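J.: fold the following and give me the result.
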Amino acid sequence: MHVPQRAHTTTPPPDYGVRRRMDPNLTVLGGVKIKGWTWSKKFLVVSHVLQDDSAGGTVSPKITRTCPAPQVEPLDKPPLGSKYVVKKARENDNMTNLTQFAQEAVNQLRNLLTEMESKEHVPSRPAKEHVSFAVSVLEDVINEENKRKGKEEDDLSEVDASAVPEEVRDWLASTFTRKMGVRRDGEKPKFKSIVNALRAGMFVERMFRRMSGLQGLQYPAALIPHLKGIDEWTVDMFALNEAAGGSALKYVTYELLNRYDLVSKFKIPVTNLINFLDKIEAGYSVHDNPYHNLIHGADITQTCHYFMLQTGLMNWLTDLEIFAVLIAACCHDVEHTGTTNNFHINTQSELALLYNDKSVLENHHVSFLFRVMRENPECNILSSLSRDDFQEFRQLVVDMILATDMSFHFSQLKAMKTAVTQPEPIEKTKALSLILHTADISHPAKQWSVHYRWTMLVIEEFFRQGDREAELGLPYSPLCDRHTLVIPDSQIGFINFIVSPSMDVCSSMLNRIVEPINNPPEPNSEPTATNSAAAQHPWTSLVLQNKETWKQKSQEEAERKRLAQEAERVAQTAIKASGDTTPVAAAAIPTDQESSTPDRGQ
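T.: So this is what the prediction gives:
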C-alpha cells in the first residue's frame with residue numbers, strides 16, 4: 001500500500017523527474033495514482049488518491065498537495081533602476097567592486113537632486129529609476145556588512161557572569177566552545193542572548209497508512225497505539241520503548257521510513273533494513289548508558305520527523321534528503337561511550353588518538369554507521385543508490401552528525417542567525433544540521449514528566465564519568481561531581497543559555513524556509529508581517545513551564561540547605577554547652593536531588 005507523496009519541486013509536471021503516465025484522467029506520480037492536476041497562475045494542485053493493493057479500493061484520506069508555480073525569468077533588458085541590474089552587474093564583476101556601484105548610486109542621486117533644484121517638475125519615471133538603483137546598492141552594502149559581522153565566533157565572552165553559577169559557566173565554556181584552556185582568575189565567560197524570533201506554526205496534512213498493511217516487520221499489538229501518535233511533539237519515548245519490547249529505535253525508524261515511502265522509492269531490501277537497525281540498536285547498547293542509548297536515538301529521530309512533517313519543511317526537501325535526515329538522527333550517537341569528548345582527550349583514549357582530538361565521538365558515530373553497511377552486506381540499505389546519490393547521501397549524513405558536536409554550538413547558531421537575515425537561500429546542509437542539533441538538545445522543551453526523566457538520566461551519566469575521573473586522579477569535569485552539583489541550577493542555565501536560544505533560532509529558520517512554500521504571496525502583493533500569536537510552536541510554552549518548575553525546585557533546594565545549616569549550628573551549640581567533645585552530626589535533611597537521582601546501577 002502506498003503512502004501520500006509531498007510536493008517535490010516548484011516546476012510543472014513534465015519536469016518532476018518521476019514516473020508518469022500521460023493520461024488526461026489518471027496519472028502515476030512517484031508510484032502513487034493521482035487524478036490529474038490543475039495548473040493555475042499560483043499553484044500546481046495535485047490530488048492524491050491512494051490505492052490499497054490488497055483490497056483494490058480507495059484508501060482515505062484524500063490528500064491535496066500544492067506547490068508554487070515556476071518563476072518567470074526577468075526581461076533581458078530590465079529598467080535601469082531594478083535590482084536585477086545590480087545583481088547581474090555584480091555577477092559579471094565577480095562581486096569584487098561594490099564600491100563602484102555605491103559611487104554610481106551617489107552620482108545618480110546627486111543628478112536627481114540637481115534636477116529637483118533647477119526644475120519645478122521632475123519626470124517621475126527617471127526619478128524612480130535613480131532611487132530604486134540607489135536603494136538596491138545600499139541593500140547590498142548592508143547585507144555585505146551583516147555577513148562580515150556574522151563571522152563565526154564564540155559568544156561566551158559576553159554574558160553577565162553574575163547570572164550564572166560558576167560551575168555552570170565552566171560547563172558551558174568546556175562543552176559548547178572550542179576553548180579548553182584554563183580560565184584565568186577573575187575571568188568569567190559570557191555570551192550574547194539570542195533575540196526572540198518569530199515562530200512558525202505551519203502545518204501540513206498528515207500521512208497515514210493502515211497498520212495491517214505492514215510487511216517484513218511485525219509490530220507488537222501494544223506498540224500500535226503509540227505509533228499512531230508519532231506525529232506529535234509530546235511523544236513519550238519511554239512508554240513507546242516499553243511497548244516495543246526495548247526496541248524503540250528499530251520500530252520508530254522502520255515506521256518513519258515507510259511513512260515517507262522511502263523503502264519503496266530507494267528499493268531498500270526489507271531484510272537488510274531490519275538487519276541494519278538491529279546492528280544499530282546493538283551499537284547503542286554496548287556501554288549500557290543511562291542517557292545515550294537507543295531510546296535517545298529513537299527520541300531524536302521522532303523529533304526530526306516532527307520538524308519535517310508538522311512545519312512543512314518536508315516540502316522543501318528531496319526524498320534523498322529526508323532519507324539522510326532520518327538515518328543521521330537514528331545513528332547520531334551509536335556506540336556512545338557515556339563520556340564526553342574532553343574525557344577522551346584528557347585520558348588519551350584510542351578514539352581520541354584515532355580522530356586526533358577532533359569531534360572524537362561524532363566521528364566514531366558516523367564511521368560506525370557506514371562500516372556496518374560495508375562490513376555486513378546483509379545490512380546494506382544503500383545498495384540501490386546510484387553513485388551520485390550515495391555520495392550526496394553520505395556527505396549529508398557526515399555533515400549532520402559531525403555538527404552535533406556541542407563545541408560548535410555557538411558558531412552554528414551565530415551563522416544561522418546571520419543567514420536568516422540574508423536574501424540568499426539558506427543552505428540545506430546547514431539547515432538540516434541545525435535541525436538535528438536542536439533535536440538532540442530538545443528534551444527541556446518536552447512535557448515535564450519526560451524532560452525530568454531525561455534530565456536525571458543524563459546527570460547520572462555525568463556522575464559516572466566523574467566517578468571514573470576520581471579513580472584516575474583527574475579533576476572533575478563540570479557537572480560531574482555528584483557531591484556538589486545542584487541539579488536545578490544546572491538545568492536553569494542549560495535552558496537559558498543553550499536550549500531557548502537554539503529553539504528560537506531554529507524557529508526563525510523554519511519560518512524563513514517554509515513561509516513561501518506554505519503561503520505563497522499573491523502576485524505583486526506587498527509583504528505582510530507574520531502573525532506571531534498564530535506562529536507558536538508547542539515547545540514555546542513547554543520550555544518556559546519547565547524553567548519555572550526548575551526555579552521553584554531551586555528555591556526549595558536553597559531552603560533545605562538553609563535548614564540543614566541551621567540544624568547543624570544548633571547541634572554544635574548544644575555540644576559546646578554540654579561540655580561533650582564528641583562530635584554529633586546534625587540530622588540529614590533529604591534533598592530533592594538525593595531522592596530523585598537514579599540508582600547508579602540503572
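
J.: where's the nearest residue to Asn496 once chain neighbours are set aside, which helix or strand?
T.: Leaving aside its chain neighbours, Asn496 sits nearest to Lys547 (7.3 Å; criterion: CB to CB, 6 or more residues apart in numbering). In this view, the C-beta of every residue, glycine as well, is placed from N, C-alpha and C. According to DSSP states H and E, Lys547 maps onto helix 538-578.

J.: tell me the mean pLDDT over that helix?
T.: Averaged over helix 538-578, pLDDT sits at 90.

J.: for it, name the packing helices and strands.
T.: If contacts are counted by 3 or more CB pairs under 8 Å, 6 or more residues apart in numbering; DSSP states H and E, helix 538-578 sits against helix 448-471, helix 487-494, helix 500-518, helix 592-596.

J.: pLDDT weak spots in the stretch 201-350 of the chain?
T.: For the stretch 201-350 of the chain, the stretches flagged by pLDDT under 70 are 201-215.

J.: hmm, 80 instead?
T.: Along the stretch 201-350 of the chain, the model assigns pLDDT under 80 to residues 201-216.

J.: what ranges do the helices span in it?
T.: Along the stretch 201-350 of the chain, the stretches classed as helices by DSSP state H, counting those that start in this stretch are 224-228, 237-243, 248-259, 262-265, 270-284, 294-311, 319-331, 341-347, 350-354.

J.: which ones are touching the residue nearest to Asn496?
T.: By CB atoms under 8 Å, 6 or more residues apart in numbering, Lys547 lies in contact with Pro444, Ile492, Ile495, Asn496, Ser500.

J.: ok, it to Val486 distance?
T.: Distance, Lys547 to Val486, using CB to CB, to the nearest Å: 15 Å.

J.: buried residues in stretch 448-460, which are they?
T.: Across stretch 448-460, burial judged by 16 or more other CB atoms under 10 Å covers Val450, His451, Tyr452, Arg453, Trp454, Thr455, Met456, Leu457, Val458, Ile459, Glu460.

J.: and the residues you listed as CSV, adding pLDDT and distance to Leu351?
T.: CSV is the format used below for these (pLDDT from 0 to 100; distance: CB to CB, whole Å):
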residue, pLDDT, distance to Leu351
Val450, 98, 30
His451, 98, 30
Tyr452, 98, 31
Arg453, 98, 29
Trp454, 98, 25
Thr455, 98, 26
Met456, 98, 27
Leu457, 98, 23
Val458, 98, 20
Ile459, 98, 23
Glu460, 98, 22
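
J.: between the residues you listed, which is closest to Glu115?
T.: His451 (65.4 Å; CB to CB).

J.: tell me if I'm right that the closest one and Leu457 touch.
T.: No - counting by CB atoms under 8 Å, His451 stays clear of Leu457, with 10.9 Å between them.

J.: what is the neighbour count of the residue nearest to Thr253 when sequence neighbours are not counted?
T.: Among residues not flanking Thr253 along the chain, Cys330 sits closest, at 4.7 Å (CB to CB, 6+ apart). Using other CB atoms under 10 Å, Cys330 has 28 neighbouring residues.

J.: okay, Cys330 and Glu350: tell me how far apart.
T.: 25 Å.
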